[in-house]
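Asker: Build the 3D model from these lines:
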Amino acid sequence: MKRVYVWTLPTRLFHWLFVSLIVGSWIASEENRWLSPHVAMGYAVGVLVVFRIVWGIMGPQYSRFGDFNLRVGPLKEYLLSILHPTRHYIGHNPAASFVMVAMLITVVLVVLSGMLTYGIQENRGLLAFLHDDYFHNMKVFKEVHEFFVNLLLVLIASHVGGVLVDRFLHKADGTLTSIIDGHKNMEGEDAVLSLLQKIIATLGIGGAIALLIYALSVQNNPITVGYNKKIDYANENPVFVKECGSCHTLYPPALLPKESWKKLMGDLPNHFGDDASLEPSDHQTILAYLLEHSAETSTQEMSVKMMKSLDKPDIIAITQTPFWKRTHREIPEDIFKSDKVKSRANCKACHSDVEQGTIEDNAIKAL
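Answerer: Just a heads-up that it's a prediction; the model follows:
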């Protein structure tokens, strides 16, 4: 049987780069401190999808959407005769065509919802300008993003399953190995690249790689830059720093609501087992500062999630809040007892920016 050249080099490069970036971004999503690489890979995936759409319109024969079989009749016929097929497809069979289109649409939705989540929840990236208007709904955007990610995983599983089934039932076609060497064992015309298609492929795939390198290597680039302002507490309120930061982590006022700060400052002679009484003027200065910059006044992720987690906004121990417990539930007890941390209240052991008024994911230190 003749070997036909089906998948040209750009199609195969797209496929494997697409797979690598999706796997990489999924792995990076497992750790908050890897959020920036996760986002960088997500943007690169977005460029690849744009390239694949253009490739589906202007690419070589078997990669074009016009070659996809997206009709219900052929799909039904293909599935009913899968054990003894009456027709062999050089490009995508009907089932693969439907899954491929669904995957491309879903990836577009994953990337867009990810950009929205990053901008609105993290106040970072190209869509950070939406943060001030929509920060109250950050959870909704994150859940939408996670829904499309889970849908994509289902489609990927379907795609891989279909390839493996084809490998088992129609091994002679060489479908599985075709995405490596580009050839199938069938009768047909070889795919050929025009000069324009080579230029498009270079720009599309090269652009995705260049964007990934740029986003990973350039600090404060527009794709991952953050807009939560760091605070110089020593300059803004030296009494707060002297009286609070000299004994423990300088907790940002935006971590607790007003009622919590009032309750905490109202019982300083019994401050978690210590007498932390202050001169009346210092007490007034610090309390006023805490109330002015409490969680109610902040749009940061930590403040919004803290407020939404509290049934009664007067809890004074940050580590006893539902938000803190939920966020740290997967950290082993040994970490908190280690010499580097020593206490659950020692936030700065892991959050390098906590004493600057922010708790950014990319500022979490690895212990």
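Asker: mind listing what Ala359 touches?
Answerer: If you look again at residue 359, you'll see it is Ile, not Ala. Ile359 makes contact with 252, 300-302, 347, 351, 353, according to Cβ atoms under 8 Å, 6 or more residues apart in numbering. C-beta coordinates here come from the backbone N, C-alpha and C atoms, glycine included.
Asker: Let me know the helix or strand that it is in.
Answerer: Taking DSSP states H and E as the definition, one finds Ile359 inside no helix or strand.
Asker: do you know how far it is from Ser352?
Answerer: Distance, Ile359 to Ser352, by Cβ to Cβ, to the nearest Å: 10 Å.
Asker: Surely Trp155 and Ala102 touch.
Answerer: To be clear, residue 155 is Leu; Trp isn't right here. Yes: at 5.5 Å, Leu155 counts as touching Ala102 under the criterion of Cβ atoms under 8 Å.
Asker: Could you check which of the two has the larger neighbour count?
Answerer: Neighbours per residue, other Cβ atoms under 10 Å: of Leu155 and Ala102, the larger number sits with Leu155, 19 against 16.
Asker: which residue packs closest to that one, ignoring adjacent ones?
Answerer: Met103 (4.8 Å; Cβ to Cβ, 6 or more residues apart in numbering).
Asker: Confirm that the one you found sits in a helix.
Answerer: Yes: assigned with DSSP: H, G, I helix; E, B strand; the rest coil, Met103 falls within a helix.
Asker: what's the burial count for it?
Answerer: 22.
Asker: same thing with Ile316?
Answerer: Neighbours around Ile316, by other Cβ under 10 Å: 18.
Asker: Is it located within a strand, as I assumed?
Answerer: No: assigned with three-state DSSP, Ile316 falls outside any strand and is coil.
Asker: you'd agree it is up against Met265?
Answerer: No: counting by Cβ under 8 Å, Ile316 does not reach Met265; the two are 9.3 Å apart.
Asker: Now the one helix or strand Leu155 maps to: average pLDDT?
Answerer: Leu155 belongs to helix 138-169 when assigned by DSSP H and E. The average pLDDT for helix 138-169 rounds to 95.
Asker: which helices and strands does that helix pack with?
Answerer: Contact partners of helix 138-169 among helices and strands, from 3 or more Cβ pairs under 8 Å, 6 or more residues apart in numbering; DSSP states H and E: helix 9-28, helix 94-122, helix 175-181, helix 301-309.
Asker: residues of that helix that come out buried?
Answerer: Residues 138, 141-142, 144-145, 148-149, 151-152, 155-156, 158-159, 162, 166 are the ones in helix 138-169 that count as buried (16 or more other Cβ atoms under 10 Å).
Asker: do the same with stretch 13-26
Answerer: Buried residues in stretch 13-26 (16+ other Cβ under 10 Å): 13-14, 17-18, 21-22, 24-25.
Asker: and what of stretch 175-187?
Answerer: For stretch 175-187, by 16+ other Cβ under 10 Å, it's 175, 178, 182-186.
Asker: Same check on stretch 88-95?
Answerer: Applying 16+ other Cβ under 10 Å to stretch 88-95 flags 89-95 as buried.
Asker: For stretch 236-245, measure first residue to last.
Answerer: For stretch 236-245, the first-to-last residue distance is 14 Å (Cα to Cα, to the nearest Å).
Asker: Contacts only, for Leu264.
Answerer: Neighbours of Leu264 in contact, by Cβ under 8 Å, 6+ apart: 256, 271, 316.
Asker: Could you measure from Leu367 over to His351?
Answerer: Counting by Cβ to Cβ - Leu367 and His351 are separated by 12 Å.
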